[in-house]
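Fold the following, please.
(one chain, ligands or ions: 1)
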Amino acid sequence: MAGPRRTILIIEDEPHIVMGLRDALEFEGFGAISAGKGKDGIALARAESPNAVILDLMLPDMNGYAVCEELRRSCPLLPIIMLTARSQETDKIRGLDAGADDYVTKPFSVNELIARMRAILRRAARPSAAPELVDIGDARVSFSSHTLKVGTTEHALSFYEVELLRLLVERVGQPVSREEILQKIWGLEAAPTNRTVDNFIVKLRKKIEKHPDKPVHILTVYGFGYKLAIPE
Ligand code: CA
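Residues are numbered from 1 along each chain as shown. Modelled structure (predicted):
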């Protein structure tokens with residue numbers, strides 16, 4: 001049974017990459033729309049409400065980080081996968097901090113990119129056993145609005161931050177292995193590395209923990225994974 005056709009927005013200025021992605025997406029049954037400039041991409045995201053965005057870091061008018069932040073502000077729930085030509089870990093972390101949900105380093109395999117996008121879309125459609133609002137220490141997490149509030153400071157949560165937190169909340173007090181996190185959230189086919197999980201844990205700790213280097217809520221279970229502790 002075919003579901004509604006899902007549309008992917010490609011923001012990239014290199015025509016051969018756009019063409020390759022468009023062909024592959026359409027072959028897989030997705031609709032594809034594209035913009036060669038950051039500003040046009042943002043306008044298209046607002047006008048067309050795509051199901052996900054593939055965003056290049058290097059664009060002629062704006063850098064991808066700025067485009068990502070702008071998309072995050074205007075479309076907080078929109079999954080964003082960033083394409084980066086850089087392999088340095090800091091660039092990836094910066095992309096994730098700007099609100100990207102995942103990244104793929106150029107040159108990338110189109111199949112891997114589509115596998116990651118499917119994982120994102122599958123997770124976005126999954127019903128959850130986690131309650132809508134959860135207090136973790138001083139932080140109040142809202143799973144429907146993808147936000148985390150500490151006092152008067154509100155942080156937007158990206159797609160994977162929400163999903164990771166949701167899994168930990170569903171299993172509060174129990175250790176959850178890295179392998180399980182990778183399998184349930186990223187999907188086996190997407191084959192990300194264990195570092196991916198650790199990077200998201202670092203981001204969540206910065207938002208939730210008073211002292212991110214001495215966490216009391218998102219605990220490391222050495223050689224295994226992570227555990228969420230919410231003391232009474
Ligand atoms: Ca480019």
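
hey, let's count contacts and neighbours off CA atoms from now on
Fine.

which residue sits closest to residue 113, ignoring its sequence neighbours?
Once flanking residues are discounted, residue 113 sits nearest to residue 104: 6.9 Å by Cα to Cα, 6 or more residues apart in numbering.

quick one: contacts for the one you found?
Contacts for residue 104 (Cα atoms under 8 Å, 6 or more residues apart in numbering) come out as 81-84, 113.

and the closest residue to residue 169 other than its chain neighbours, how many neighbours?
Distances taken as Cα to Cα, 6+ apart place residue 130 nearest to residue 169, at 6.3 Å, with adjacent residues excluded. Residue 130: 15 surrounding residues under other Cα atoms under 10 Å.

any idea how far residue 4 lies from residue 138?
Counting by Cα to Cα, to the nearest Å, the gap from residue 4 to residue 138 is 40 Å.

before we move on, back to that, any idea which element the residue nearest to residue 169 lies in?
Using DSSP states H and E, residue 130 maps to neither a helix nor a strand.

cool, the one 10 residues further on as well?
The secondary structure element spanning residue 140 is strand 139-142 (assigned by DSSP H and E).

before we move on, back to that, can you pick out the ones from the contacts of residue 104 that are in helices?
residue 113 (DSSP state H).

coming back round to it: in the sheet, who's paired with the residue nearest to residue 113?
residue 83 (DSSP bridges).

That one and the ion, how far apart?
Going from residue 104 to the ion by Cα to the ion, to the nearest Å gives 13 Å.

Residue 176 contacts residue 226, correct?
Yes - with contact defined as Cα atoms under 8 Å, residue 176 reaches residue 226; the gap is 5.5 Å.

quick one, which of the two is more surrounded?
Set side by side, residue 176 and residue 226 show more neighbours around residue 226, with 23 against 19, by other Cα under 10 Å.
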